[in-house]
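[1] attaching a predicted model along with its sequence, questions to come.
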Amino acid sequence: MSIDMSQFHQVFFEECFEGLEAMESGLLTLDMGAIDSEIINTIFRGAHSIKGGSGTFGFTIVADYTHIMETLLDEMRDGRRQVTQPAVDVLLGSVDCLREMLTAIQNERVVDDVSVAKHKTALEIVLNGGSMEKESVSPVEPEWASVDAVVNIAPDIIEEKSVELAEQGWKIAFCPYLDLLKTGNDPVRLFRELNQLGELTTIANIQDVPGFYEIDPEECNISWDLKVSGDISEDEIREIFNWVEGDCEMDIQSLAKVVKPAPVIKKVDPEPSPVSTPNNPVQKLVEVKPKVVAEAKKADAQDSVNETAKTTVKASSIRVDTDKIDTLINMVGEVVITQSMLGLVGENFTMDKVGQLKRGLAQLERHTRDLQQSVMNIRMLPISFVFSRFPRLVHDISNKLDKKIVLKLVGENTEVDKAVVELINDPLVHLIRNSLDHGIEMPADRVAAGKSETGTIELKAYHRGGHIVIEIIDDGRGLDKDKFLAKAVEKGLIEENNLLTEKQIFELIFMPGFSTAEQLTDISGRGVGMDVVRRNIQSLGGNIEIISELGKGTTIAIHLPLTLAILDGQSVAVGDETYIVPLMSIIESINITERMLNKVAGKGETFRLRNEYLPVIRMRGIFNVHSGNPTKPKEGVLVVVEGQGELCCLLVDELLGQQQVVIKSLEANYRRVEGVSGATILGDGSVALILDVPGLVRFSIR
Amino acid sequence: MASILAVDDSASMRKMVSFTLRAAGYEVEEAVDGVDALEKAQARKFDCVVTDVNMPNKDGITLIRDLRALPDYKFIPMLMLTTESGIEKKQEGKAAGATGWMVKPFNPDQLLKTLLKVLG
């Protein structure tokens, strides 16, 4: 029977990439010199699974490669080999190399043979203890599996070569040890197989079988003299007995009296047979390789890097925790029950059933909400999907820069929408590169500044309200305000003598064409500026801010919405209009009367909230609403909101209700409107605008 | 048709093995490691166990040893799927009570052929 193996490829690739990630993070946590067998074992298992899978699915080039890694890791695991930094670096390089290979294979591209060969040589050098001598020991050597596969498993392959033909058949003395049965082996099964090779006659020797009272039915007390006739090779016979070697004594003799001296009790593996049969895996490998080599030169390394990046973005499948799916199925069940209940009520409806109907509808609403929640949850992934790549980045770059840097990850399990996970990676890479390159000082400079030699970068994620906050905190040299100002003036971005607050000065970094590094290095400054970073983050509906203290370090905080599709909103009434205020930006709401507002000449109105004067925005004024009550309400509700760290008050007529709203883009359907981030459709079919709180706050400060 | 417990920590291998066996008419249950397998094996009796060797939590050899200690699994065929072709692992597996082994890479046909060998 033939089975299409390609249907398992997708799972296999996903698994490989996961395995590679685990290997990578394992390698990065390995302590030099120490033997932490648990970690090494995890890394080993990663290589091992990839090897097993790739061999099975026919990706021989990957299987070969992982085989060398596996050998090296195996020696480390057994303590036969020291864990050294060079070895770890080579293994890390191998992880990259494998990732490229697998990505190439997944996308049906040609594997970059040159790069593979380079990494493979480096691995072999490490494996051979640093000397080049044994470099010729190629992993293609059949030693590892192919021979066994041929000898043990595939009699059909062996048939073709029939090393030693017997003319008539074989005579076998088979004397099992007492505990042969205890491994699940069964003489009857062996005989059945022998019978398939040729005609079998058996003579059982029962002289050793004990009497009825002493007999232990779990022991095998019988021995046999067997005769198989037919054109059968010795290997075929041995193959059948392969599994019981060591559990029996056995003597195989040719009936044709082909010279077979002295009974042989097989205690060793069958000799490796020549590996040149056409179906042999090794042979396949040889066939595959030239193809790879021939076209390899077309694909350069850069290409594969790009490809890797691309696949991470376009991957459209998602792995979901089974718990989440169970919850979802549960919820659907509830909805179905409620629906059938409502159906019953509706069938013979009389007015006395109104109470029942209302209860049903309330239930339906609750279940629909839960259902929506569960569906949204499916899209949520832990931020570790992004974070897990950074230890490697930091490790590589700090090595390159000769800096000592520790990366601390906090809150990796914070969940965030899949779309956000995919799109936040590039901006984060850029920011971390910046911290590594410009933020953290050289060890000597750090010591001179009275800091520890090792710099720390903390990557932190947490939820706040409906937002996820990602912070990149370094304890490096911090940003120099004066330098910033001078630079900005020099570049003509601002005018001289412009009075700016500290915050505004740091914001300059986000202006196009601004870069503080005296020299661009290949680490940071790759043509992508901070302005692009900010634009990317804003396109996700987030914002970014910088806090820095000269000599102490820099904190960059990114605020992102948890999801891009649904928003928890507070509906407020302004005249006849309804607006939605994002719930997460509301601090509190206060009933006020007109007299509680203070007019400040030239600066509009303020409200004194616990000794703090906050700007007040009249919604009627800003959105030109004239309907409903007179323009100067005697009473209203002040909604205190926060945006980008600043507070302000929105004066509305009244609070309506809280609800989740589906965000519809205003830009796509109309055009961008200042102070409005989107729109939604209310239950009665009318459209309500969703307020852009940070925009309004900025407006109020101006 | 015989029931088989397929144990592998690698999802792709597990899928491949179980798909192949199901297509051949066997009844298959999957387990992700030795601990999972032992639990499932105790819940019902399988006619055969096919297990990977190198797995987290509980490896295949320990699993076989633990299963052999159960009355229900004293004589049940148990096969190891392994890439470690060294004699060491095989001996270790046999000592633990493995019936036989299959060396990866193997293909579905080999898998079925081997199973036919033990299950008839």
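    Arrived safely, thanks for sending.
[2] counting by contacts, list what the helix or strand where A:Leu638 lies packs against.
    Under the criterion of DSSP states H and E, A:Leu638 resides in strand A:635-643. Packing partners of strand A:635-643 (3 or more CB pairs under 8 Å, 6 or more residues apart in numbering or on different chains; DSSP states H and E): strand A:566-574, strand A:586-593, strand A:646-652, strand A:654-662, helix A:693-701. Backbone N, C-alpha and C define where each C-beta goes, glycine included.
[3] may I see those organised as TSV, with distance to A:Ile494 and mean pLDDT added?
    Formatted as TSV, the helices and strands packed on strand A:635-643 follow (distance: least, CB to CB, whole Å; pLDDT from 0 to 100):
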stretch	distance to A:Ile494	mean pLDDT
strand A:566-574	36	85
strand A:586-593	33	86
strand A:646-652	22	86
strand A:654-662	40	85
helix A:693-701	18	78
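[4] and the ones you listed: which comes nearest A:Asp396?
    The minimum distance between A:Asp396 and the helices and strands packed on strand A:635-643 falls on helix A:693-701, with 36.3 Å, by CB to CB.
[5] between strand A:586-593 and that closest one, find me the angle.
    For helix A:693-701 against strand A:586-593, the angle by axes from the mean of the first three to the mean of the last three CA atoms, to 10 degrees is 50 degrees.
[6] ignoring the adjacent residues along the chain, who's closest to A:Glu75?
    Closest residue in space to A:Glu75, ignoring its immediate chain neighbours: A:Arg81 at 4.0 Å, by CB to CB, 6 or more residues apart in numbering or on different chains.
[7] you'd agree that neighbour is in a helix?
    No: going by DSSP: H, G, I helix; E, B strand; the rest coil, the assignment for A:Arg81 is coil, not a helix.
[8] wait, it sits on A:Thr71?
    No: using CB atoms under 8 Å, A:Arg81 is not in contact with A:Thr71, being 9.9 Å away.
[9] skipping adjacent residues, who's closest to the residue in chain B that chain A sits nearest to in space?
    Closest to chain A within chain B is B:Pro105: 3.1 Å, counting by CB to the nearest CB. Once flanking residues are discounted, B:Pro105 sits nearest to A:Gly55: 3.1 Å by CB to CB, 6+ apart.
[10] how many neighbours does that neighbour have?
    26 (other CB atoms under 10 Å in any protein chain shown).
[11] and A:Thr29, by the same measure?
    A:Thr29: 12 neighbours (other CB under 10 Å).
[12] how near is it to A:Ser388?
    A:Thr29 sits 12 Å away from A:Ser388, going by CB to CB, to the nearest Å.
[13] now do the strands in chain B.
    When assigned using DSSP state E, the strands of chain B occupy the ranges B:3-7, B:27-31, B:48-52, B:78-82, B:100-103.
[14] the second one to strand B:3-7, inter-axis angle?
    Same thing as strand B:27-31. Using the same axes, to 10 degrees: strand B:27-31 against strand B:3-7 is 20 degrees.
[15] in strand B:27-31, what's buried?
    B:Val28, B:Glu29, B:Glu30, B:Ala31 (16 or more other CB atoms under 10 Å in any protein chain shown).
[16] out of the helices and strands packed on strand A:635-643, which is closest to B:Ala6?
    Nearest of these (CB to CB): strand A:566-574, 40.7 Å.
[17] ok, and what's touching the closest one?
    For strand A:566-574, the surrounding residues in contact (CB atoms under 8 Å, 6 or more residues apart in numbering or on different chains) are A:372, A:376, A:466, A:561, A:578-584, A:586, A:619-620, A:623, A:625, A:628, A:637, A:639, A:650, A:652-663, A:680, A:682, A:688, A:690.
[18] who does whatever helix or strand comes next after it pair up with?
    For strand A:566-574, the following helix or strand on the C-terminal side (DSSP H and E) is strand A:577-582. The strands that strand A:577-582 pairs with in its sheet are strand A:566-574 (antiparallel), strand A:687-691 (parallel) (by DSSP bridges).
[19] okay, the residue of chain A found nearest chain B: pLDDT?
    At 3.1 Å from chain B, A:Gly55 is the closest residue in chain A, using CB to the nearest CB. pLDDT, A:Gly55: 83.
[20] angle of the helix or strand where it lies against strand B:78-82?
    Assigned by DSSP H and E, A:Gly55 belongs to helix A:37-56. If you take the same axes, to 10 degrees, helix A:37-56 sits at 90 degrees to strand B:78-82.
[21] mind giving me the packing neighbours of helix A:37-56?
    Using 3+ CB pairs under 8 Å, 6+ apart: helix A:37-56 touches helix A:9-29, helix A:60-77, helix B:11-23.
[22] so B:Asp33 sits against B:Met55, correct?
    Yes: B:Asp33 is in contact with B:Met55 according to CB under 8 Å; the separation is 4.6 Å.
[23] I'd like the helices and strands packed on helix A:37-56 as JSON lines, with distance to B:Phe46 appended.
    Converted to JSON lines, the helices and strands packed on helix A:37-56 look like this (distance: least, CB to CB, whole Å):
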{"stretch": "helix A:9-29", "distance to B:Phe46": "24"}
{"stretch": "helix A:60-77", "distance to B:Phe46": "30"}
{"stretch": "helix B:11-23", "distance to B:Phe46": "12"}
